[in-house]
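Novice: everything below, folded, please.
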Amino acid sequence: MDDISRFGYVDVDLEIIVKKRKSDAATSIKGEGKGKGKENIACQVGDTRPESMSEETKAEHISINVKEEDHISLMRKKLSSYKDDFVKPYWGIISKVPEKLRKVNEEAYTPRVVSIGPRHHGAPQLQPMERYKWRCLNRFLERSTLKLESVVQIAMKDEKRVRMLYQDRFEAISSKDFSEMIMLDSVFMIELFIDNKNGLERSPEGEEAKKIFDDPWIERDILHDLMLLENQLPYVILQDMFQAGVPPGSISLHSLIHIYFKNVGFMDKLPEKDWPSTHLVEFLRCCHRPRFVTLRRASRKGKIERTRSAKELQEAGVKFVKPKETGDFLHIEFSAEGVLTIPQLNVNEFTETFFRNLIAFEQCRRHGTQYITSFMILMNSLLSTPKDVDILVDAGVIETSFGDNEQVWEIFSDLRREIAMDNTEFYFAHLCEDLSKYSKDWYHQIKAKWFRSKRILRRDYFSSPWSTISVIVGAILLTLTVIQTAYAIKG
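Specialist: Residues are numbered from 1 along each chain as shown. Sure, this is the predicted structure:
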């Protein structure tokens, strides 16, 4: 094996250089003989016994040193190209969904009708909406009286900053194409938010756009697509376009976004606030953070302790209620009287996409309290079977548009898969420990057994009017038999 293949190089030019240096070195050694020059060459290649080396061996060692120097030089260039990769705060990066999460439910992370940002840009199934983006640009220019040149300049100015906020740099997309993409996507989103609030402006040119928004499934698919972690545009370009194209004082961008997502999570119950966010997924998470963050103790067990199911807690005497009003999604309390108060959750077609992408966002950042993931783990513990869902629906804690409560159970039972969380990040650690302690003490264990006995009696002997009548008749006959026997013995 020659020196080139031994070091794994296939560069032809480099091979020629090495061979040339090898030849020159061999010639130099022959010309200088056994004198001082030969010793210097031997010392250069690191041999402590220059007089014992052959001319061919010395030439080979010189070529190895040359090759190592070129290898190090290439490594320095590679190292230099990566030196700024950790300058960007990981918190602000628009990440790619981890593969282990994507495999659980691919559809929950993949856009259906529209691509936003570079990750899914150019996907064939999303091309029909690209024409509509250009029509939105027309309407945006008419609404704002801006010239196209001004809008293009905003996008070009923000291009480098926006590109740096993605986990991948998408170097295959040229600066011109990237600027055009973020211009069209930001204008599309702004027009979408405005139309959602005010309705489409009726005009002959807008008839086709009107048909798109009149189609309920298109509207739902677009809402789904804007919640996806990989389908995001940095907030900075949205804000710059909005400030340039919408008259000041009319309405704020964060208000439009809040209105647009009103049917997602708890958004319809949460107060509007201009949260500092990198993108829409982070904005949604910020809206659902606790209003008053208190110091929560970590689990004493060294691991996340799951609470018992809703049915088991109910058997132990726990009562589930919803608060009269709440502006805090995570304000879940358990009282000493055994009352567990949980804000009402509306479970609909967007619930799974909402939770999956906010959880993926928290899983990618992996520091600090994971509020959304914590809520999901708590609900997953409470909802062990479809019967647990029935209990929370009856208590008003869960409101759903699904006809079958089993669909609700399937959503929460599947969300827990492939989720990693340290016990110190679990927001409801203390709550689960208190619930477990309450349900395991001797009094509530006896109460749970009595509750189960009553349920068995109700199921086996009082499940219908006829079975109830049978039990009553049987009891009367047994009583009469005992009385008759007693009189017979007495007589």
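
Novice: C-alpha only now, for contacts and for neighbours.
Specialist: OK.

Novice: so, low pLDDT: which residues of the stretch 351-491 of the chain?
Specialist: Along the stretch 351-491 of the chain, the parts satisfying pLDDT under 70 run over 366-368, 423, 439, 441-468, 470-471, 473, 490-491.

Novice: now with 50?
Specialist: Judged by pLDDT under 50, the stretch 351-491 of the chain has its weakly predicted residues at 442-444, 447-454, 456-457, 461.

Novice: strands of that one, residue ranges please.
Specialist: For the stretch 351-491 of the chain, the strands defined by DSSP state E, counting those that start in this stretch cover 398-400.

Novice: ditto for the chain
Specialist: Per DSSP state E, the chain carries strands over the ranges 319-321, 333-334, 339-341, 345-347, 398-400.

Novice: for the last one, buried residues please.
Specialist: To tie it back to what came earlier, the one meant is strand 398-400. Neighbour-count burial for strand 398-400 flags Ile398, Glu399, Thr400 (criterion: 16 or more other CA atoms under 10 Å).

Novice: that one - contacts with which helices or strands?
Specialist: Contact partners of strand 398-400 among helices and strands, from 3 or more CA pairs under 8 Å, 6 or more residues apart in numbering; DSSP states H and E: strand 345-347, helix 386-394.

Novice: repeat the analysis, applying 6 Å as the threshold.
Specialist: In terms of contacts (3 or more CA pairs under 6 Å, 6 or more residues apart in numbering; DSSP states H and E), strand 398-400 is packed against strand 345-347.

Novice: pLDDT (mean, whole number) over the strand it packs on?
Specialist: Averaging pLDDT along strand 345-347 gives 90.

Novice: in its sheet, what does that strand sit against?
Specialist: Strand 345-347 sits in its sheet next to strand 398-400 (parallel), going by DSSP bridges.

Novice: what does the strand it pairs with rub up against?
Specialist: For strand 398-400, contacts defined as CA atoms under 6 Å, 6 or more residues apart in numbering pick out Gln344, Leu345, Asn346, Val347, Asn348, Leu392.

Novice: re the thing from before, how about the buried residues of strand 398-400 in TSV, adding distance to Glu180?
Specialist: What follows is these, written out as TSV (distance: CA to CA, whole Å):
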residue	distance to Glu180
Ile398	44
Glu399	43
Thr400	41
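
Novice: now the contacts of strand 398-400 in CSV, with neighbour count?
Specialist: Below are the contacts of strand 398-400 laid out as CSV (neighbours: other CA atoms under 10 Å):
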residue, neighbour count
Gln344, 22
Leu345, 20
Asn346, 18
Val347, 20
Asn348, 16
Leu392, 22
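
Novice: with distance to Ile476 added, can I get those in JSON lines?
Specialist: Listed next are the contacts of strand 398-400 as JSON lines, based on distance: CA to CA, whole Å:
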{"residue": "Gln344", "distance to Ile476": "47"}
{"residue": "Leu345", "distance to Ile476": "49"}
{"residue": "Asn346", "distance to Ile476": "49"}
{"residue": "Val347", "distance to Ile476": "49"}
{"residue": "Asn348", "distance to Ile476": "51"}
{"residue": "Leu392", "distance to Ile476": "39"}
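
Novice: out of these, which is nearest to Asn231?
Specialist: Using CA to CA, Asn348 is the member of those that lies nearest Asn231, at 21.1 Å.

Novice: and the gap between the closest one and Tyr260?
Specialist: Distance, Asn348 to Tyr260, by CA to CA, to the nearest Å: 16 Å.

Novice: ok, now Arg131?
Specialist: Counting by CA to CA - Arg131 and Tyr260 are separated by 22 Å.

Novice: which intervals of the stretch 1-150 of the chain have sub-threshold pLDDT?
Specialist: Residues of the stretch 1-150 of the chain that meet the criterion pLDDT under 50 lie in 1-18, 21, 25, 29-30, 32-48, 50, 86-91.

Novice: about what we covered before: looking at the buried residues of strand 398-400, which is nearest Asn105?
Specialist: Asn105 has its nearest neighbour among those in Thr400, at 21.3 Å by CA to CA.

Novice: okay, Asn138 and Lys262: tell me how far apart.
Specialist: Distance, Asn138 to Lys262, using CA to CA: 27 Å.

Novice: again with Arg102
Specialist: From Arg102 across to Lys262, the span is 26 Å (CA to CA).

Novice: same deal with Val482?
Specialist: Using CA to CA, we find Val482 at a distance of 68 Å from Lys262.

Novice: still on that earlier bit, Arg102 and Lys262: which is more packed in?
Specialist: Neighbours per residue (other CA atoms under 10 Å) separate Arg102 from Lys262, with Arg102 holding more: 17 against 13.

Novice: what sits closest to that one if chain neighbours are left out?
Specialist: Leaving aside its chain neighbours, Arg102 sits nearest to Tyr109 (6.8 Å; criterion: CA to CA, 6 or more residues apart in numbering).

Novice: what's around that neighbour, how many residues?
Specialist: By other CA under 10 Å, the residues close to Tyr109 number 24.
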